[in-house]
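In: Sequence and predicted structure below; questions after.
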Amino acid sequence: METAGAAGGGGLAARVHAALRAEGSTVAVAESLTGGLLAAALVDVPGASATFRGSVTAYATELKASVLGVDEGLLAVHGPVHPVVARQMAEGVRRLLGATYGVATTGVAGPDPQDGQPVGTVHLAVAGPGGTLVSSPRLSGERATIRHRAVTAALELLLGRLPAGASAH
């Protein structure tokens, strides 16, 4: 799996920025599971300010509702680790930060299960002009590994949604 960073200039995040620039688009991220790692991967790329709008790290469940607009009823019934929560987080950050695309991460990195969800449960979403796509990869490994793999998977999901990125695969 390719690394998320921009090491050597050929990293996944650099490809995301190149694809965003090619279509004159921007991105914002809403993170829970990854706790800022996705934003960090994006800002590690020189020139990131041309396409990266910003991020919201909504680690606390109530912030997902109050800041990002995730439905409180959904959170009360299903908890924060749910594909529809990821969808609403991505749509919320896109709207909040005025970006072309919104990307969201939520899940359980461990070491213990959360709200009945096993470690490695991950939900990612990309909201954009063509709608919202949700992916729920099952990741394994230690806490740090799961978080880093989630960043890579989120960048890959976004890249696949970008017309210039899809051709770069």
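Out: Noted; the coordinates are in hand. Note that the coordinates shown come from a computational prediction; the quantities given were computed from them, not determined experimentally. Numbers count the residues shown, from 1 in each chain.
In: what pairs with the residue nearest to the spatial centre of the chain across the strands?
Out: For the chain, the residue sitting closest to the mean C-alpha position, by CA atoms, centre = their mean, is Ala104 at 3.4 Å. Going by DSSP bridges, Ala104 is paired in beta bridges with Ala30, Ala125.
In: contacting residues around it?
Out: Applying CB atoms under 8 Å, 6 or more residues apart in numbering, we find Ala104 in contact with Val29, Ala30, Glu31, Ser32, Ala86, Arg87, Met89, Ala90, Val93, Leu124, Ala125, Ala127. For every residue, glycine as well, the C-beta is placed using N, CA and C.
In: Buried ones among these?
Out: Neighbour-count burial (16 or more other CB atoms under 10 Å) applied to the contacts of Ala104 gives Val29, Ala30, Glu31, Ser32, Ala86, Arg87, Met89, Ala90, Val93, Leu124, Ala125, Ala127.
In: Reformat those residues into TSV and put pLDDT and distance to Ala22 next to each item.
Out: Below are the buried ones among the contacts of Ala104 laid out as TSV (pLDDT from 0 to 100; distance: CB to CB, whole Å):
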residue	pLDDT	distance to Ala22
Val29	98	20
Ala30	98	24
Glu31	98	25
Ser32	98	29
Ala86	98	26
Arg87	98	26
Met89	98	26
Ala90	98	21
Val93	98	22
Leu124	98	22
Ala125	98	22
Ala127	98	20
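In: Arg161: what's it in contact with?
Out: Tyr101, Val126, Gly128, Gly130, Leu133.
In: ok so the last one is a strand residue?
Out: Yes - following the definition DSSP: H, G, I helix; E, B strand; the rest coil, Leu133 is counted among the residues of a strand.
In: Please report the distance of it from Leu158.
Out: Leu133 sits 9 Å away from Leu158, going by CB to CB, to the nearest Å.
In: Check the fourth one too.
Out: Between Gly130 and Leu158 the distance is 12 Å, computed by CB to CB.
In: Comparing these two, which residue is more hemmed in?
Out: Leu158 (29 against 10; other CB atoms under 10 Å).
In: thought that one was touching Val16?
Out: Yes - assessed by CB atoms under 8 Å, Leu158 is found in contact with Val16 at 5.8 Å.
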